[in-house]
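Participant: Got a predicted structure here, sequence first:
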Amino acid sequence: MSNTVNSMSMTQSGMPASAYRGRFAPSPTGPLHFGSLVAAVASYLDARHHGGEWLVRMEDLDPPREMPGAADGILWTLERYGLHWDGEVIYQSHRSTEYQVALEQLDANGRLYGCACTRKEIADTSLPGVDAAVYPGTCRNGLPEGREARALRVRVDSAEVKIEDSLQGSTRQHLGREVGDFVVRRADKLVAYQLAVVVDDAAQQITHIVRGADLLDSTPRQVYLQRLLELPTPAYLHLPVAINTTGEKLSKQTGAPPVDDAEPVSVLLDVLQFLRQDVPGSASDMTLEDLLKCASERWDRTRLTATRTRSAPAGYLGD
Ligand code: GLU
């Protein structure tokens with residue numbers, strides 16, 4: 001891991017790392033839709049407004065959920081929208097050694113344990129938590145007789161984590177009561193998102209994370225892991241998530257169509273309006289480059305709504 005960290009402390013151009021380093025970290029489960037483009041554009045504009053770098057990381061850790069060709073398609077669309085990233089794109093699928101090092105560190109500190117429970121067993125014996133059942137701690141003091149470990153969990157004990165979000169304000173989460181000991185390596189041996197994101201944000205020296213508020217409830221788990229692994233905590237800004245008329249997050253599952261690569265300026269204007277940014281009246285006549293430059297200069301976080309969701313414009317919802 002130290003090699004990766006060292007090689008990332010300088011930018012590609014050989015300049016020292018920026019004081020602001022942001023990122024967009026899509027999962028290649030399908031093409032970019034309006035909701036994912038909002039996260040890409042907002043993280044890009046916030047980075048550029050602050051004179052920072054903007055990196056792209058492909059979160060391709062979950063092959064069963066991925067769509068062949070989606071990673072390349074996403075990168076192509078970002079380019080088409082003029083969202084040019086700095087440095088090389090990092091692929092999580094290439095980083096299993098770094099995740100293994102982190103798992104070993106957690107284990108050496110006595111924070112990990114093997115868990116034999118199936119989903120059904122957990123569902124039958126637990127209470128609902130922030131985003132899933134709160135793990136009741138069945139295997140915390142050792143596996144039941146005759147059972148084998150499936151997943152690896154991290155102990156949370158009575159940790160309470162407070163986060164300060166630049167838009168949504170401060171939130172507190174009592175991990176023991178609201179989440180429970182959580183999975184860092186899944187039963188199918190894949191590393192869990194919560195661990196990979198923390199390892200990679202640190203390795204890429206990310207200082208500012210701008211992403212959808214659907215991840216706000218995951219942030220205390222990530223901050224908790226940062227503390228256990230002695231990694232820095234970036235600044236967070238969780239944007240309102242684009243929802244459809246039935247209140248669901250736009251996604252492939254809810255039928256959100258891919259954004260149109262043919263009309264980047266008009267789609268960008270809708271994204272900027274969703275983000276409540278002020279654009280000049282002449283914006284629709286601008287070139288893509290000029291529009292992005294103008295939007296970065298004028299980017300104003302205080303115009304964003306401090307809500308977890310916001311309705312997406314009608315043209316982007318699908319059938
Ligand atoms: N890969 C995650 C997603 O597409 C985002 C992760 C993050 O921004 O931390 O929902």
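Facilitator: Arrived safely.
Participant: if I pick Pro234, what's in contact with it?
Facilitator: For Pro234, the contact set (CB atoms under 8 Å, 6 or more residues apart in numbering) comprises Asp201, Ile206, Thr207, His208, Ile209. Using the backbone N, CA and C atoms, a C-beta is placed for each residue, glycine as well.
Participant: And the residue of the stretch 201-319 of the chain closest to the ligand?
Facilitator: As assessed by CB to the nearest ligand atom, the ligand sits closest to Arg211 within the stretch 201-319 of the chain, at 3.8 Å.
Participant: residues contacting the nearest residue to that residue once chain neighbours are set aside?
Facilitator: Counting by CB to CB, 6 or more residues apart in numbering, the nearest residue to Arg211 once its immediate chain neighbours are dropped is Ala39, at 5.4 Å. By CB under 8 Å, 6+ apart, Ala39 lies in contact with Phe24, Pro26, Val210, Arg211, Gly212, Leu239.
Participant: Can you pick out the most distant pair from the residues you listed?
Facilitator: Pro26 and Leu239 (14.4 Å; CB to CB).
Participant: Among the two, which residue is more densely surrounded?
Facilitator: Leu239 (30 against 23; other CB atoms under 10 Å).
Participant: What distance do you get for that one to Gly180?
Facilitator: Distance of Leu239 to Gly180, computed by CB to CB, to the nearest Å: 27 Å.
Participant: shouldn't His238 be in contact with Gly169?
Facilitator: No. With contacts counted by CB atoms under 8 Å, His238 stays clear of Gly169, the gap being 10.1 Å.
Participant: In terms of neighbours, single out the busier of those two.
Facilitator: Neighbour count, other CB under 10 Å: between His238 and Gly169, His238 has more, with 25 against 9.
Participant: Surely that one is in a strand?
Facilitator: Yes. Under DSSP: H, G, I helix; E, B strand; the rest coil, His238 falls within a strand.
Participant: what's the average pLDDT for stretch 299-306?
Facilitator: Average pLDDT, stretch 299-306: 98.
Participant: Get me the contact residues on the stretch 1-150 of the chain for the ligand.
Facilitator: By CB under 6 Å from any ligand atom, the residues of the stretch 1-150 of the chain that approach the ligand are Ala25, Pro26, Ser27, Glu59.
Participant: Quick check: closest non-adjacent residue to Arg227.
Facilitator: Thr233 (7.9 Å).
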